[in-house]
Structures are given as structure tokens and as C-alpha cells.
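A.B. asks: predicted structure and sequence below. I'll ask about it afterward.
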Amino acid sequence: MTVGLIPGSFDPFHNGHLEVVERAALIFDEIVVAAIRNPQKSEALFDLEERREMIAESCAHLASVRIVSIATLLVNVARDVNATAIVKGLRAVSDFESELQMAQMNRSLSGVETLFIPTSSRHSFIASKLLREVARYGGNVTSFVPAPVALRLNERFPGGDR
């Protein structure tokens, strides 16, 4: 059985993330989406459990997807879930440099390969950081996130143009 591991902070999970999960689900028998707390990023908008729930609700139409939360090295999770490959979405060429470096480190540490899936142009500009900012200031982000995420953002920032 092939297992694709898709890691990310997913704060919040958006349509670009969903696209990568859906496309990877066509390649692998099982997809494990791993929500992580990235200490290099600013304070999280949603805690790991909230993110896990939003991802699960957003991916409910995909029977082969399992959601986990992690607070360890990705290669440890890859080993624990028997990942065939780590799957990373790329929005732009600028994402490639840091993702390539991580892929090389992960392969060196564990032997697990990384598969890059470029997002479509309609999602290439979407970034969680931008979504958090737009939502915080009352902007409408519903076209950029799955419905369960839009609902949670509206609860977090009531009164916006959502």
C-alpha cells in the first residue's frame, strides 16, 4: 500500500491545500495529512485540534485521507505511518528552494522521497498568512477556503464581510 504524507501548519487550511490533498489522493492508496505546530511561524490562529477538525471536515469526501497532529520530526512521522513519500505543494518557484532543502534533509535522515505537486494558478497566490490577515480585518475569504474553515474563521472574527 502506498502512503503519501502531507505535512503543514495549515493555519488555516485553504483551497490550495485541499487541491494538493485531492490530487495526491489520486496517486496514493492512503493520504496522511499531518498538522504541525511550526515554531518558526507566528502565534497560531487555531490550535492543533481545531486545525485537525477543519482538515477532517474539509476532506470528508475523500475516503483515503487520515488526519494526524504532530509535534516531532517529520521523518519520525513518516516512519510511523509507513509513508511511501512526503508530498509538498508548491505555489511558486520561490517555494521550491526551501522545500528542496527540506526534501534533501528528510531523504538524508530517513530515505523517504518527497513528491512536489504544483498548485493550479487559481490557488497559487493563496497563503494562510494572507488569509489570517484578511479575515482579521473583516475581509471575505470564503472563496479561498473550504466551507468548514470559512465557518470557523467567521466564528473567530465575527462581523466581517463573510
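C.D. replies: Great, that's in hand.
A.B. asks: low pLDDT regions in the chain?
C.D. replies: Within the chain, the set of residues satisfying pLDDT under 70 comprises 38-42, 159-162.
A.B. asks: where do the strands sit along it?
C.D. replies: Counting by DSSP state E, the chain has strands at residues 3-8, 30-36, 65-70, 85-90, 113-118.
A.B. asks: dump the ones you listed to CSV, plus mean neighbour count and distance to Tyr137.
C.D. replies: C-beta here means a position set from N, CA and C on the backbone, and glycine is covered the same way. Below are the strands of the chain laid out as CSV (neighbours: other CB atoms under 10 Å; distance: least, CB to CB, whole Å):
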stretch, mean neighbour count, distance to Tyr137
strand 3-8, 24, 24
strand 30-36, 24, 25
strand 65-70, 18, 28
strand 85-90, 22, 26
strand 113-118, 16, 30
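A.B. asks: what helices or strands is the longest helix that the chain contains leaning on?
C.D. replies: For the chain, the longest helix by residue count, based on DSSP state H, is helix 93-110. Packing partners of helix 93-110 (3 or more CB pairs under 8 Å, 6 or more residues apart in numbering; DSSP states H and E): helix 74-80, strand 85-90, strand 113-118.
A.B. asks: do you know which of these lies nearest Arg132?
C.D. replies: strand 85-90 (18.0 Å; CB to CB).
A.B. asks: tell me which residues are up against that closest one.
C.D. replies: Identification of contacts with strand 85-90 by CB atoms under 8 Å, 6 or more residues apart in numbering yields 2, 4-7, 16-17, 19-20, 24, 28, 31, 74, 78, 96, 99, 102-103, 106, 112-119.
A.B. asks: partners of that strand in the sheet?
C.D. replies: With DSSP bridges as the test, strand 85-90 is paired with strand 3-8 (parallel), strand 113-118 (parallel).
A.B. asks: nearest to Gly138, out of those?
C.D. replies: That would be strand 3-8 among the strands paired with strand 85-90, by CB to CB, at 25.8 Å.
A.B. asks: what angle do that closest one and helix 93-110 make?
C.D. replies: 120 degrees (axes from the mean of the first three to the mean of the last three CA atoms, to 10 degrees).
A.B. asks: before we move on, back to that, any buried residues in the longest helix of the chain, and which?
C.D. replies: Under the neighbour-count criterion of 16 or more other CB atoms under 10 Å, helix 93-110 has 95, 99, 103, 106, 110 buried.
A.B. asks: kindly export it (C-alpha atoms) in CSV.
C.D. replies: Extracted C-alpha coordinates of helix 93-110, given in CSV (Å, rounded to 0.1, in the frame of the first residue of the first chain):
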residue,chain,number,x,y,z
VAL,A,93,9.2,29.0,-7.8
SER,A,94,10.1,30.8,-4.6
ASP,A,95,8.7,27.9,-2.6
PHE,A,96,10.9,25.4,-4.3
GLU,A,97,14.2,26.5,-2.8
SER,A,98,13.3,25.9,0.8
GLU,A,99,11.2,22.8,0.0
LEU,A,100,14.1,21.3,-1.9
GLN,A,101,16.4,21.8,1.0
MET,A,102,13.9,20.1,3.4
ALA,A,103,13.3,17.3,1.0
GLN,A,104,17.1,16.6,0.8
MET,A,105,17.4,16.7,4.6
ASN,A,106,14.4,14.4,5.0
ARG,A,107,15.8,11.9,2.4
SER,A,108,19.2,12.0,4.1
LEU,A,109,17.7,11.3,7.5
SER,A,110,15.2,8.7,6.5
